[in-house]
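Enquirer: using only what follows, build the 3D model:
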Amino acid sequence: MKNTLLVIAISAALAACSSGSSHSTVNSGTKADTPNKTQIANKGKDNAKNNPQKEDTNDTAIKLTADVKTGKNESFSEYTPTEDLNKFVIDGKTITLAPGGISSGGFMKLNSTNGVNGDKVQRFISGTKYSQTKFGVLTKTGSDKIVAFSQGTPASSLPEEDGIKYKGDYIGYDHAKGLVGDGTLEMTVNFKTHTAKGSFTEDSNGFLGGELSGGTVNKNKLYLKDKAKGVEIKAQFYGKGATELGGVYYHKNQYTAAFGAKKQ
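Expert: Numbering: from 1, shown residues only. Presented below is the predicted three-dimensional model:
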């Protein structure tokens, strides 16, 4: 089965953060310049009211490029992702996200300016805690972009009841501070009535998340736009029975992140 990938690519002027290096890099808890804005369309309503919801087989990836200073949406596109959860295509080149011999239950923060095996891609990615999804933030040394992504095995079946809880983690880029940070989240999904809400905790650098509402569920996709808070979320359910949830999070002109969560 194809895996699904959600991506936000954010324009960013990256500042040199590693001591003793003349290259640009993004470090957890260190400065850099970057990203902004997003616009994602919700594709319709679920009409299967009396039957179990089926997998949406439209395995496209979503990509957004925004201007670092103005936050203006410069381009929006969809494309087909790679099938391997541990692979990612950046600048036309396929990279291995988590190299062999490197493992962590939490986030892996591989922020060397040389990247892994000389690919110059700095990685802030999920670890072994999640089996059906891979998500994180990537940037390439010398590039003006940051990519937040979520990819996984699409759900082959979905629950039909309301009030299902998902708890998980997120990692993202604070536009104002120029920092990569992480935190936790909780989502409540109503598969019967096709609605969702959630909350994101303050991240490790002090970015305030908060409560979110107004989410909609369409088959194995979740879309949430909280206009009052300037937040948009695009996510998908992964694994048999929607055991995991993953997606990308955008807080207008402030924060771009990727997240994953497990059904409780």
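Enquirer: look up how far K140 lies from R123.
Expert: When Cβ to Cβ, to the nearest Å is the yardstick, R123 and K140 sit 10 Å from each other. Quick note: C-beta positions are derived from backbone N, CA and C, even for glycine.
Enquirer: overlap of the contact sets of these two?
Expert: Common contact partners of R123 and K140 (Cβ atoms under 8 Å, 6 or more residues apart in numbering): G115.
Enquirer: now the stretch 101-250 of the chain, which segments are flagged as low pLDDT?
Expert: For the stretch 101-250 of the chain, no stretch is flagged by pLDDT under 70.
Enquirer: how about K225: what's its closest non-neighbour residue?
Expert: Leaving out its chain neighbours, the residue that sits closest to K225 by Cβ to Cβ, 6 or more residues apart in numbering is E232, at 4.9 Å.
Enquirer: that neighbour sits in which helix or strand?
Expert: Element membership of E232 [criterion: DSSP states H and E] is strand 231-238.
Enquirer: same thing with F149?
Expert: Counting by DSSP H and E, F149 is found in strand 145-152.
Enquirer: what lines up beside that strand in the sheet?
Expert: Strand 145-152 has its sheet partners listed here by DSSP bridges as strand 4-11 (antiparallel), strand 133-140 (antiparallel).
Enquirer: any idea of the angle it forms with strand 231-238?
Expert: Interaxial angle of strand 145-152 relative to strand 231-238 (axes from the mean of the first three to the mean of the last three Cα atoms, to 10 degrees): 30 degrees.
Enquirer: about what we covered before: how many neighbours does the residue nearest to K225 have?
Expert: 22 (other Cβ atoms under 10 Å).
Enquirer: wait, it sits on L224?
Expert: Yes. Applying Cβ atoms under 8 Å as the test, E232 and L224 come out as touching, 7.0 Å apart.
Enquirer: just the endpoints, please. Distance across stretch 197-204?
Expert: Its first and final residues considered, stretch 197-204 spans 23 Å by Cα to Cα, to the nearest Å.
Enquirer: and that stretch, what's buried?
Expert: Buried residues in stretch 197-204, defined by neighbour count with 16 or more other Cβ atoms under 10 Å: 197-198, 200-201, 203.
Enquirer: quick one: the strands in the stretch 51-200 of the chain, in order.
Expert: Chain-ordered strands for the stretch 51-200 of the chain, with DSSP state E, counting those that start in this stretch as the definition, fall at 61-66, 73-79, 87-90, 93-96, 108-110, 121-125, 133-140, 145-152, 164-174, 179-190, 195-200.
Enquirer: closest one of the buried residues of stretch 197-204 to G172?
Expert: Among the buried residues of stretch 197-204, D203 lies closest to G172 (Cβ to Cβ), at 7.0 Å.
Enquirer: ok, now which ones touch the closest one?
Expert: Counting by Cβ under 8 Å, 6+ apart, D203 makes contact with 170, 172, 174, 181-183, 209.
Enquirer: just the buried ones from those residues, in ChimeraX syntax?
Expert: Buried subset of the contacts of D203, written as a ChimeraX selection, criterion 16+ other Cβ under 10 Å:
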select :170,172,174,181,182,183,209
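Enquirer: nearest to T256, of the contacts of D203?
Expert: Taking Cβ to Cβ as the measure, G172 is the one of the contacts of D203 closest to T256, at 5.7 Å.
Enquirer: so what's that closest one up against?
Expert: 137, 148, 180-182, 203, 207, 249, 255-258.
Enquirer: ok, and the closest non-adjacent residue to it?
Expert: Closest to G172 by Cβ to Cβ, 6+ apart is A257, at 2.5 Å.
Enquirer: picking up where we left off before, report the inter-axis angle for the strand holding F149 versus strand 164-174.
Expert: Going by the same axes, to 10 degrees, strand 145-152 makes 160 degrees with strand 164-174.
Enquirer: could you check the angle strand 179-190 makes with strand 145-152?
Expert: Using the same axes, to 10 degrees: strand 145-152 against strand 179-190 is 30 degrees.
Enquirer: send me strand 145-152 as PDB with only the CA atoms.
Expert: Taking C-alpha atoms only, strand 145-152 is exported to PDB below (Å, rounded to 0.1, in the frame of the first residue of the first chain):
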ATOM      1  CA  LYS A 145      13.700  26.400   2.900                       C
ATOM      2  CA  ILE A 146      12.500  24.400   5.900                       C
ATOM      3  CA  VAL A 147      10.300  21.400   5.300                       C
ATOM      4  CA  ALA A 148       7.800  20.000   7.800                       C
ATOM      5  CA  PHE A 149       6.500  16.600   6.800                       C
ATOM      6  CA  SER A 150       4.300  13.700   7.800                       C
ATOM      7  CA  GLN A 151       4.200  10.400   6.000                       C
ATOM      8  CA  GLY A 152       2.800   7.000   6.800                       C
END
